[in-house]
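**Q** what follows is a predicted structure for the sequence shown.
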Amino acid sequence: MKKLVFSLLCLFFIVGTVGLISAAGSKEEAGDGLHIVIATDATWPPMEFVDEGSKEIIGFDIDLMAAIAKAGGFTYEFKNTAWDGIFAGLRAGKYDAVMSSVTITEERQKEMDFSKPYINAGQILVVPEKTKGVSTLQDMKGMTVAAQIGTTGAFEIEKIDGVELKTYDEIGLAFEDLVNGRIDGVVADTPVAADFALQSDNYKGKLKIVGEPFTEEYYGIAVQKGNTKVLDAINAGLDGVIGTDAYAKVEKEWLR
């Protein structure tokens with residue numbers, strides 16, 4: 001009986017030891033691949049926001065990162081993080097990157113590194129769905145085009161002879177007048193335009209975005225200064241996505 005108990009104990013020890021080795025091996029193998037933790041402030045539709053039904057973070061940036069990671073050969077996760085302090089958290093190493101409609105600026109480039117630009121989120125023109133033959137501001141001569149007062153969009157409209165500028169304190173009021181036929185077009189940041197024209201239940205199917213952004217405001221993915229491993233992986237993924245059907249699919253889903 002003692003021999004049997006001893007034999008069973010030995011077997012248990014051997015099996016347990018093999019299990020520990022196997023677990024350690026699995027953990028080591030899992031660590032071989034690059035896993036990137038990304039902060040995002042999910043309050044900026046249609047770029048990143050929380051779906052009311054599923055409570056999941058969705059949007060242009062979220063879908064684009066899925067394509068980037070696939071092309072770049074790494075895994076990732078998003079952490080919903082308040083904008084206030086999001087860059088301080090990056091500097092402190094709480095996460096590896098920030099993808100949250102971050103405009104690349106000279107000032108920010110002093111504090112963090114940026115990926116290659118992945119979208120020009122500059123000013124763009126929105127018109128009623130029924131409007132034909134319009135793709136630029138120049139095509140709006142003889143018409144009234146609105147923008148929020150004091151914005152780049154308002155300044156761009158003022159440059160076009162023959163286009164009447166109407167300004168609003170809030171851009172939402174401009175879109176309301178556009179839907180109701182009081183004005184002929186609205187100029188706004190590309191993500192803002194997409195949110196009103198494509199995602200809003202009140203305006204969906206009634207408005208459309210035309211042409212391309214005509215000012216430059218490029219978004220990039222921020223990483224901790226000097227973290228070339230993460231930056232190189234993200235840029236490699238971007239190289240495999242920008243200009244492809246994968247990018248066009250994400251753009252069509254959220255911005256067109």
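**A** Cool, got the structure. Numbering: from 1, shown residues only.

**Q** got a list of contacts for stretch 114-123?
**A** Contacts to stretch 114-123, defined as C-beta atoms under 8 Å, 6 or more residues apart in numbering, come from residues 60, 64, 101-104, 108, 147, 151-153, 156, 187-191, 212-223, 231, 234-235, 238-239, 242. (C-beta placed from N, C-alpha, C; glycine too.)

**Q** and the residues you listed, which are buried?
**A** 60, 64, 101-102, 104, 147, 151-153, 156, 187-191, 213-215, 217-223, 231, 234-235, 238, 242 (16 or more other C-beta atoms under 10 Å).

**Q** strands along the stretch 101-250 of the chain, start to end?
**A** 112-114, 119-120, 123-128, 144-148, 164-168, 185-189, 207-210, 218-219, 222-224 (DSSP state E, counting those that start in this stretch).

**Q** quickly list the domain ranges of this structure.
**A** Residue ranges for the domains of the chain, per automatic domain parsing: 34-120+218-254, 123-210.

**Q** now mean pLDDT too, for these, in CSV please.
**A** As requested, the domains of the chain are exported to CSV (pLDDT from 0 to 100):
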stretch, mean pLDDT
domain 34-120+218-254, 96
domain 123-210, 95
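
**Q** returning to what we had before: can you list the strands of the stretch 101-250 of the chain in CSV and add distance to residue 96?
**A** Output for the strands of the stretch 101-250 of the chain, formatted as CSV (distance: least, C-beta to C-beta, whole Å):
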stretch, distance to residue 96
strand 112-114, 11
strand 119-120, 21
strand 123-128, 31
strand 144-148, 35
strand 164-168, 40
strand 185-189, 27
strand 207-210, 33
strand 218-219, 18
strand 222-224, 6
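
**Q** and those, which is most packed in?
**A** Comparing these by mean neighbour count (mean count of other C-beta atoms under 10 Å), strand 185-189 comes out on top with a mean of 26.

**Q** for that one, packing partners?
**A** If you count contacts as 3 or more C-beta pairs under 8 Å, 6 or more residues apart in numbering; DSSP states H and E, strand 185-189 packs onto strand 123-128, strand 144-148, helix 152-158, helix 171-179.

**Q** who touches the residue nearest in space to the middle of the chain in this structure?
**A** The structure's the chain has its C-alpha centroid closest to residue 61; by C-alpha atoms, centre = their mean the separation is 2.3 Å. Listed by C-beta under 8 Å, 6+ apart, the contact set of residue 61 reads 40, 47, 48, 99, 100, 101.
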